[in-house]
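Student: Here is a sequence with its predicted model. Questions after.
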Amino acid sequence: MVAKTFGGAVHGVDARTIMVEVNVGQGTKFFMSGLPDNAVKESQHRVESALKHARYFMPRNKTVVNLAPADIRKEGAAYDLPIALCVMKASQQLVTEKLEDYIIMGELTLDGTLRPIRGVLPIALQARKEGFKGFILPTDNAPEAAIVSGLEVYPVATLREAVDFLEEKLAIPSVHIDANEVFATQLNHYDTDFRDVQGQENIKRALEIAAAGGHNVIMIGPPGAGKTMLAKRLPTILPPLTLHEALETTKIHSVAGRLGKQTSLLTTRPFRAPHHTISDVALVGGGGNPQPGEISLANNGVLFLDELPEFKRTVLEVMRQPMEERRVTISRAKVSMEYPANFMLIASMNPCPCGYFNHPEKECVCGAGVVQRYLSKISGPLLDRIDLHVEVVPVSFDEMTANRKSETSEEIRLRVVRARERQALRFAAHEGIHCNAMMPSNMVKDICAIDDTGRTMLKLAMERIGLSARAYDRILKVSRTIADLDGKENIATEHLAEAIQYRSLDRDGWAG
């Protein structure tokens, strides 16, 4: 007898429906086809043990399991539950006609308990798209799937519960979650706030500009100056996630298995801070079983690289193309998949190995040329993609102990949101461009037009300060963002002057 049901396979951040078929007939042995990996092949032993503990049996006849389409590789243990149910139906231990109405997924333990799986959200979205009646899955994954409206989600804790539900011996209420309500109640719940930062007003200003225009930032300063503290608070002043962005971000974290238990929707912008020993594959994604990397996990949020020169050069160089295209393509011999990578890069570094070059009080002990060699670990093409270079100086004792209220993240975010609204109107006719940092070079001349006075100032800056030609577009984009924060239609000289000062590393002789 042949029994069949349906599951899902994740490809990139999307899912494809998989038909699970089981035939129990004459003969002996257990066979599996359809390009299963080792974890799927091992399901035979988990299914057999789970059936025994649920007081059922594994048929001793010839059992053939097929996962179709057969040309798509199936990975992971999430096919345990549909295989077990099809084996029972094919061996006439399960009496139901409902198997084909549902998407069924879940990993079985040896005693028949269900463990959570990854990639539930994209599978649920695909199930709704294809018109399935519902989704049967482990209890821990139910909130994640229930965020998809128009799909009945039935959580089960054990194999026995799934069997009783399909045979209508047990009524399981479907889980319903209002995505809009969850999104509204949990939006912008951050544990950090800019009110905690004393002093560093110039750095706060630079981060506000970065948030308003989506610009990348690098902070250069001695240890203990507050670079990490400031970077961790950048997401709190970014515009709130839209529901579309929240779903897109949640899908990526679901595929990577990074969603916590009972988590239905990510409502805050992600902040990823990988250690400098990270590999290039871990950063951009890939591997034998391709998974999203840190740049994709930071999608719609912030990627923070602390101690930038300590990262391997190959790791930093693989970011260049994703930073421009805002997506990353992972290509293998038999498969190619694409992950979104629309992130803001914020990096920090010491100015030299000892950390005290240009320090107002402590003396740098690095020898001649050491500072320049240290900075040269960061390539020119990578610096070309970083719009704001900010020098951070230590906070004085008087500033730290001053009883002065700092601006809250909410106050700063209001100004950022107003600037982003102006940019949204400006780029309404340009698909895929949402902020000033995304402007291609051919748009800069028209949108970032400057008058003769500004043109003269920029020319003098490039000649006298030693700004490189690659800084030209970056300065114009940043000055456009400053004008947006100021509520001005045109770029004024003061906007241009402020933008010029954020190109520290382009200055000739900065490192001695």
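Tutor: Perfect, I can see it now.

Student: contacting residues around the residue nearest to Arg385 when sequence neighbours are not counted?
Tutor: Spatially, and ignoring its direct neighbours in sequence, Arg385 is nearest to Met323 (4.9 Å; C-beta to C-beta, 6 or more residues apart in numbering). For the C-beta atoms, the positions are set from N, CA and C on the backbone; glycine is no exception. Residues near Met323 by C-beta atoms under 8 Å, 6 or more residues apart in numbering: 216, 341, 345, 385.

Student: What residues of stretch 241-255 count as buried?
Tutor: Buried residues in stretch 241-255, counted by 16 or more other C-beta atoms under 10 Å: 241, 245-255.

Student: how about the residues you listed in a markdown table, adding pLDDT?
Tutor: Below are the buried residues of stretch 241-255 laid out as a markdown table (pLDDT from 0 to 100):
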| residue | pLDDT |
| --- | --- |
| Leu241 | 89 |
| Glu245 | 89 |
| Ala246 | 88 |
| Leu247 | 89 |
| Glu248 | 91 |
| Thr249 | 92 |
| Thr250 | 92 |
| Lys251 | 92 |
| Ile252 | 93 |
| His253 | 93 |
| Ser254 | 91 |
| Val255 | 91 |
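
Student: now, among those, which is nearest to Gln126?
Tutor: Of all the buried residues of stretch 241-255, Lys251 has the smallest distance to Gln126: 11.1 Å, by C-beta to C-beta.

Student: Toward the C-terminus, what is the element adjacent to the helix or strand where Arg205 lies?
Tutor: If you go by DSSP states H and E, Arg205 is part of helix 201-213. Beyond helix 201-213 on the C-terminal side, the first helix or strand identified by DSSP H and E is strand 217-220.

Student: what does that next one rub up against?
Tutor: 203, 206-207, 210, 227, 230-231, 308, 344-351, 383, 386-392, 504-505.

Student: most neighbours, which of the contacts of Met323?
Tutor: Within the contacts of Met323, Ala341 tops the neighbour count with 26 neighbours, counted by other C-beta atoms under 10 Å.

Student: Now do the strands in the stretch 351-500 of the chain.
Tutor: Here the stretch 351-500 of the chain has its strands, by DSSP state E, counting those that start in this stretch, at 388-391.

Student: where in it is pLDDT low?
Tutor: Residues of the stretch 351-500 of the chain that meet the criterion pLDDT under 70 lie in 397, 400-401, 468-470.

Student: again, but for the stretch 201-350 of the chain
Tutor: 262.

Student: Packing partners of the helix holding Arg205?
Tutor: Under the contact definition 3 or more C-beta pairs under 8 Å, 6 or more residues apart in numbering; DSSP states H and E, helix 201-213 sits against strand 217-220, helix 227-232, strand 344-349, strand 388-391, helix 409-426, helix 471-485.

Student: possible to save the ones you listed as TSV with distance to Cys435?
Tutor: Below are those laid out as TSV (distance: least, C-beta to C-beta, whole Å):
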stretch	distance to Cys435
strand 217-220	14
helix 227-232	19
strand 344-349	10
strand 388-391	14
helix 409-426	5
helix 471-485	8
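
Student: Between the ones you listed, which one is closest to Pro270.
Tutor: From these, taking C-beta to C-beta, the stretch that ends up closest is strand 344-349, at 10.6 Å.

Student: what domains does the record give for the chain?
Tutor: What automatic domain parsing lists as the domains of the chain is 2-177, 186-427, 439-512.

Student: Any chance of a markdown table for those, columns distance to Ile433?
Tutor: Compiled in a markdown table, the domains of the chain are given as follows (distance: least, C-beta to C-beta, whole Å):
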| stretch | distance to Ile433 |
| --- | --- |
| domain 2-177 | 22 |
| domain 186-427 | 4 |
| domain 439-512 | 7 |
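
Student: partner strands of the lengthiest strand in the chain, parallel or antiparallel?
Tutor: Ranked by number of residues, the top strand in the chain under DSSP state E is strand 14-25. Sheet pairing of strand 14-25 (DSSP bridges) gives strand 2-11 (antiparallel), strand 62-68 (antiparallel).

Student: out of these, which comes closest to Leu108?
Tutor: Among the strands paired with strand 14-25, strand 2-11 sits nearest to Leu108 (C-beta to C-beta), with 13.3 Å.

Student: quick one: buried residues of the closest one?
Tutor: With burial defined by 16+ other C-beta under 10 Å, the residues of strand 2-11 counted as buried are 3-11.

Student: do stretch 300-320 as well
Tutor: 300-306, 308-309, 311, 315-316, 318-319.

Student: and the nearest residue to Val24 once chain neighbours are set aside, what is it in contact with?
Tutor: In space, and not counting its chain neighbours, Val24 is closest to Ala90: 4.2 Å by C-beta to C-beta, 6+ apart. Applying C-beta under 8 Å, 6+ apart to Ala90 gives the contacts 1-3, 22-24, 59, 63.

Student: Write the PyMOL selection for whichever of the residues you listed are buried.
Tutor: Of the contacts of Ala90, the buried ones go into a single PyMOL selection, burial set by 16+ other C-beta under 10 Å:
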select buried, resi 3+22+23+24+59+63
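
Student: from the contacts of Ala90, which is closest to Leu151?
Tutor: Distances from Leu151 to the contacts of Ala90, taken by C-beta to C-beta, are shortest for Ala3, at 23.1 Å.

Student: pLDDT score for that closest one?
Tutor: If you check Ala3, the pLDDT there is 92.

Student: any idea how far it is from Glu97?
Tutor: 11 Å (C-beta to C-beta, to the nearest Å).

Student: what's near enough to touch the closest residue in space to Arg16 that isn't next to it in sequence?
Tutor: Leaving out its chain neighbours, the residue that sits closest to Arg16 by C-beta to C-beta, 6+ apart is Ala9, at 5.2 Å. Going by C-beta under 8 Å, 6+ apart, Ala9 touches 15-16, 18, 72, 74-75.
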